[in-house]
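> Model the structure of this input:
(one chain, ligands or ions: 2)
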Amino acid sequence: MDSKDKYKVIGLMSGTSLDGLDIAFCSFIKKEKGWSFKIDKAETVKYSSSWMNKLSQAHQLSGEQLIELDISYGELLGALTKDFLVRNKLKADFIASHGHTIFHQPRRKFTYQLGNGNAIHAITNTPVVYDFRSLDVVLGGEGAPLVPAGDEFLFDEYDVCLNLGGIANLSTKVKKQRLAYDICFTNMGLNYLASLVKKSYDKDGVMASTGEINSELLKSLNKIYNKFRNKRPSLGREMFELQILPLLNNKKIPLEDKLRTFTESAAREIIDAIVSHKKNVKVLCTGGGAFNSFLISRMLELGGDDVTLIIPEDEIIKFKEALVFAFLGLLRIRGEVNCLKSVTGASKDSSGGILAGF
Ligand SMILES: Nc1ncnc2c1ncn2[C@@H]1O[C@H](COP(=O)(O)OP(=O)(O)OP(=O)(O)O)[C@@H](O)[C@H]1O
Ligand SMILES: CC(=O)N[C@H]1[C@@H]2OC[C@@H](O2)[C@@H](O)[C@@H]1O[C@H](C)C(=O)O
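Ligands and ions are numbered 1, 2, ... in the order given. Next up is the predicted model:
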């Protein structure tokens, strides 16, 4: 097992929205208690339309074709990482790669992230940790979310870590145990509404801010969230399409009002979830929604004195997940726990990840 106290690690993350590969070169230093960290350099490399197609259709391939794609996507990850390292004159101790999720069926004990670690190693000549989720899944866990384990070790100074992604989710500590859950649809709904006027998103929430709250729509959204408030299932695209989309497609409500109301609903759901744990909370806000100044201003108004929102530097907003996977890789090569049963529901804590080229 490795026991250094300084590491330079590349974290690679490919999110479900297919916007590209996040590459983050990170430094970690062991302290008396915990770790300090820094993102030294990071960028998102957009996928070509051909790779976007391959990744979005990979679930339909034959076994043989999928294995072939696993290698060629691993080679792509290797080539993009090598190019990033050469351009920035950097050298990493190892690469921690999440890969791109193609299948995720924890009940059937499998989860599959494309991007072969051996192929990444062959191209970069750097050791690789990959396949972070499978061990947790065979231990009976959900194999997700994994980022809360990083919150536990790197962002423990915050009472709540809030991610404003397609779906807003949070992680927090309750009775000394880390827990995490999805709160409500956020960018997924806002981006859908923006797409109706051919925009990829409502920049800074400007269109939303000009609309009026539609009380019927607000009530309907609230009713949907009330149904699972205490069950906290993971929210997915299926549920969005089935239950939220029909409401957003109501032709009688002007677009600005729908954006305003959807923002209001998300802000209320998020603030309610945060204050349900504790009053006077310090909340770290990351994910692209942290750039939505109108959403943030509504959350600040609703949270009042009970909630302090911390919007970190852009690098952390955009690359926190890649940073966390770099750190989970570090824990893995040290043989330390990087996956928490309190979050995933597995039979035990574990240290997930396959090693290639160490
Ligand atoms: N200036 C901005 N104003 C409003 N929204 C923004 C702004 N910048 C980014 N966003 C939102 O953030 C999104 C991109 O960030 P991110 O990748 O975290 O979101 P996501 O793809 O919805 O998340 P995830 O894949 O984690 O579910 C954009 O699609 C948009 O919804
Ligand atoms: C199986 C899988 O790839 N899950 C992703 C996905 O994208 C968001 C949400 O669903 C989260 O559970 C997870 O990723 C983050 C990085 C996580 O594991 O914390």
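
> Endpoint to endpoint, stretch 195-207 covers what distance?
12 Å (Cα to Cα, to the nearest Å).

> One more: stretch 204-218?
OK, stretch 204-218 end separation, Cα to Cα: 21 Å.

> ok, and what's touching it?
190, 194, 197, 202, 247, 250, 253-265, 291-295 (Cβ atoms under 8 Å, 6 or more residues apart in numbering). For every residue, glycine as well, the C-beta is placed using N, CA and C.

> among these, which ones are buried?
Among these, the ones that count as buried by 16 or more other Cβ atoms under 10 Å are 190, 194, 202, 247, 253, 255-265, 291-292, 294-295.

> rewinding a little: and ligand 1, which of the contacts of stretch 204-218 contact it?
190, 202, 291-292 (Cβ under 6 Å from any ligand atom).

> Strands - which of those residues land there?
Members of those lying in strands (criterion: DSSP state E): none.

> so can I have JSON lines of the residues you listed showing pLDDT?
Below are these laid out as JSON lines (pLDDT from 0 to 100):
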{"residue": "190", "pLDDT": "97"}
{"residue": "202", "pLDDT": "97"}
{"residue": "291", "pLDDT": "97"}
{"residue": "292", "pLDDT": "98"}
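
> For these, could you give me a markdown table that also reports distance to residue 274?
Output for those, formatted as a markdown table (distance: Cβ to Cβ, whole Å):
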| residue | distance to residue 274 |
| --- | --- |
| 190 | 19 |
| 202 | 23 |
| 291 | 19 |
| 292 | 17 |
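
> now, which of those sits nearest ligand 2?
Proximity of those to ligand 2 (Cβ to the nearest ligand atom) peaks at residue 190, which lies at 16.6 Å.

> give the contact list for the closest one.
Residues in contact with residue 190, defined by Cβ under 8 Å, 6+ apart, are 201-202, 205, 208, 259, 262-263, 266, 292, 295.

> Run through the residues of this protein sitting next to ligand 1.
Counting by Cβ under 6 Å from any ligand atom, the residues of the chain near ligand 1 are 15-17, 19, 165-166, 187, 190-191, 201-205, 287-289, 291-292.

> what about 8 Å?
15-17, 19, 163-167, 186-188, 190-191, 194, 200-205, 286-295, 317-318, 321 (Cβ under 8 Å from any ligand atom).

> Of those residues, select the buried ones using a ChimeraX command.
To isolate the buried members of the residues of the chain next to ligand 1 in ChimeraX, using 16+ other Cβ under 10 Å:
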select :15,163,164,165,166,167,186,187,188,190,191,194,201,202,205,286,287,288,289,290,291,292,294,295,317,318,321
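
> circling back to that earlier point, restricted to helices, list the contacts of stretch 204-218.
190, 194, 247, 255-265, 293-295 (DSSP state H).

> Confirm for me that residue 130 is in contact with residue 100.
No: using Cβ atoms under 8 Å, residue 130 is not in contact with residue 100; the gap is 11.3 Å.

> and for those two, which residues touch both?
113, 115.

> Which strands or helices does the host helix or strand of residue 111 pack on?
Per DSSP states H and E: residue 111 is located in strand 110-114. Secondary-structure packing of strand 110-114 (3 or more Cβ pairs under 8 Å, 6 or more residues apart in numbering; DSSP states H and E): helix 63-87, strand 100-105, helix 134-138.

> Counting by contacts, list what the last one packs against.
The one in question is helix 134-138. Using 3+ Cβ pairs under 8 Å, 6+ apart: helix 134-138 touches strand 110-114.

> Likewise for the first one?
Packed against helix 63-87 by the contact rule (3+ Cβ pairs under 8 Å, 6+ apart) you find strand 6-14, strand 21-30, strand 35-45, helix 49-57, strand 110-114, helix 117-124.

> Output these in CSV, with mean neighbour count and mean pLDDT appended to each entry.
Listed next are the helices and strands packed on helix 63-87 as CSV, based on neighbours: other Cβ atoms under 10 Å; pLDDT from 0 to 100:
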stretch, mean neighbour count, mean pLDDT
strand 6-14, 23, 97
strand 21-30, 22, 98
strand 35-45, 16, 97
helix 49-57, 14, 95
strand 110-114, 20, 96
helix 117-124, 22, 98
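
> give me the element the closest residue to ligand 2 within the stretch 251-358 of the chain is part of.
Proximity to ligand 2, evaluated over the stretch 251-358 of the chain using Cβ to the nearest ligand atom, is greatest for residue 321 at 4.8 Å. Using DSSP H and E, residue 321 sits within helix 314-333.

> For that helix, buried residues please.
315-333.

> Equivalent analysis for stretch 217-230, please.
217-218, 220-221, 225.

> Give me the lowest-pLDDT entry from those residues.
For the buried residues of stretch 217-230, the weakest pLDDT value sits at residue 225, with 94.

> That one belongs to a helix, doesn't it?
Yes: under DSSP: H, G, I helix; E, B strand; the rest coil, residue 225 sits within a helix.

> how near is residue 352 to residue 237?
25 Å (Cβ to Cβ, to the nearest Å).

> again, but for residue 16
9 Å.

> hey, what's the nearest residue to residue 320 once chain neighbours are set aside bridged with?
The shortest distance from residue 320 to any non-neighbouring residue, by Cβ to Cβ, 6 or more residues apart in numbering, is to residue 286 (4.6 Å). Per DSSP bridges, the residues bridged to residue 286 are residue 163.

> confidence score at residue 258?
98.

> ugh, wrong one, residue 228
According to the prediction, residue 228 has pLDDT 82.
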